[in-house]
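In: missing the sequence, but the structure's below:
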């Protein structure tokens, strides 16, 4: 029986890959893992606690109704980042503006973190997989000063780490620091994330497409043609058409396609002409992971990681998944 490698051991072993970090990035990744364990515990107990399930009664900056677990997860991660000392500021999908940590201790932090504390939260009450998505950047502002908007508004190419936590049949943490993708499963017996999916590679092709087809008639014609005439019909030499699998939690749909191969599509529509998913909190980190695993992530017309953000809560169309499938989908667009 091979020895179990914990996330902490794995991070320490890889610390030499980042000599400039002096251990801060390793501690930050460890802090993220601790916060993820706390959120995982809350998710597991959600059906038993009335103060966790249901709507909070507020809406976030996107006009979406916040769930109680959204707020709990957001606070959990923010408190961990503030206490850790490696992060000088954060931006979250659940908050209108970025947050610069005010203590002298935090101002010395070298990093900023942008994150979606609970992706797919509309699925909480029906016990469907949800997740956390995070993105780490080195700050642009001077160390010792407050974090600035410029620190948050960096292109995806400048990420030094990104990942997600999936709260599903098991809790998994998947991350990259630009040197491949590795997945860790939380062992509830010992309370540790253990390496379960080393050096993850996304298949170049697959048979799964994920899209909310309720929007098919408000997409541009090329998307409809791709779905109806390519995905849903038997391809030359194939025994069956593609399979449609849409969970409605981006993390869960992406994780399945990362392992099995597939494409996830959330295009612009007539009702959401800029797209629906957030560049900084969802698309950039997953695009970084996809590319590191051999996949592609585009808006349908340009590489996601090359986009220079213009707004904190900027939305974009999103095509992500197996390389050949994304290229095929793009060929149908004008």
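Out: Okay, I see it. Just so you know, these numbers come straight off a predicted model, no measurement behind them. Residues are numbered from 1 along each chain as shown.
In: check contacts around residue 191.
Out: Neighbour list for residue 191: residue 37 [criterion: CB atoms under 8 Å, 6 or more residues apart in numbering]. Heads up, the C-betas are built off the backbone N, CA and C, glycines and all.
In: which of the three states applies to residue 115?
Out: strand (DSSP: H, G, I helix; E, B strand; the rest coil).
In: residue 95 is in contact with that one, correct?
Out: No. At 10.5 Å, residue 115 and residue 95 do not qualify as touching, with contact defined as CB atoms under 8 Å.
In: ok, those two, which is more surrounded?
Out: Between residue 115 and residue 95, counted using other CB atoms under 10 Å, residue 115 has the larger neighbour count: 30 against 16.
In: run through who's touching stretch 204-212.
Out: So stretch 204-212 is contacted by 227, 231, 240, 242-248, 253, 256-257, 260-267, 294, 321-325 (CB under 8 Å, 6+ apart).
In: please redo it, this time with the cut-off set to 6 Å
Out: Here stretch 204-212 makes contact (CB atoms under 6 Å, 6 or more residues apart in numbering) with 231, 242-246, 253, 261-265, 322-324.
In: next step: the residues you listed restricted to helices.
Out: 253, 323, 324 (DSSP state H).
In: strands - which of the contacts of stretch 204-212 land there?
Out: 243, 244, 263, 264, 265 (DSSP state E).
In: what is the nearest of the residues you listed to residue 166?
Out: The shortest approach to residue 166 among those belongs to residue 264, at 14.3 Å (CB to CB).
In: what sits closest to that closest one if chain neighbours are left out?
Out: Distances taken as CB to CB, 6 or more residues apart in numbering put residue 210 closest to residue 264, at 4.5 Å, once the chain neighbours are dropped.
In: what about the one you found, distance to residue 220?
Out: Counting by CB to CB, to the nearest Å, the separation of residue 210 from residue 220 is 18 Å.
In: who's more crowded, those two?
Out: Between residue 210 and residue 220, residue 210 has the larger neighbour count (other CB under 10 Å), namely 24 against 16.
In: which phi and psi does the more buried one have?
Out: Here is the backbone geometry of residue 210 (degrees, to the nearest 10): phi -120, psi 120.
In: what do you get for residue 174?
Out: Residue torsions, per degrees, to the nearest 10, at residue 174 are phi -120, psi 130.
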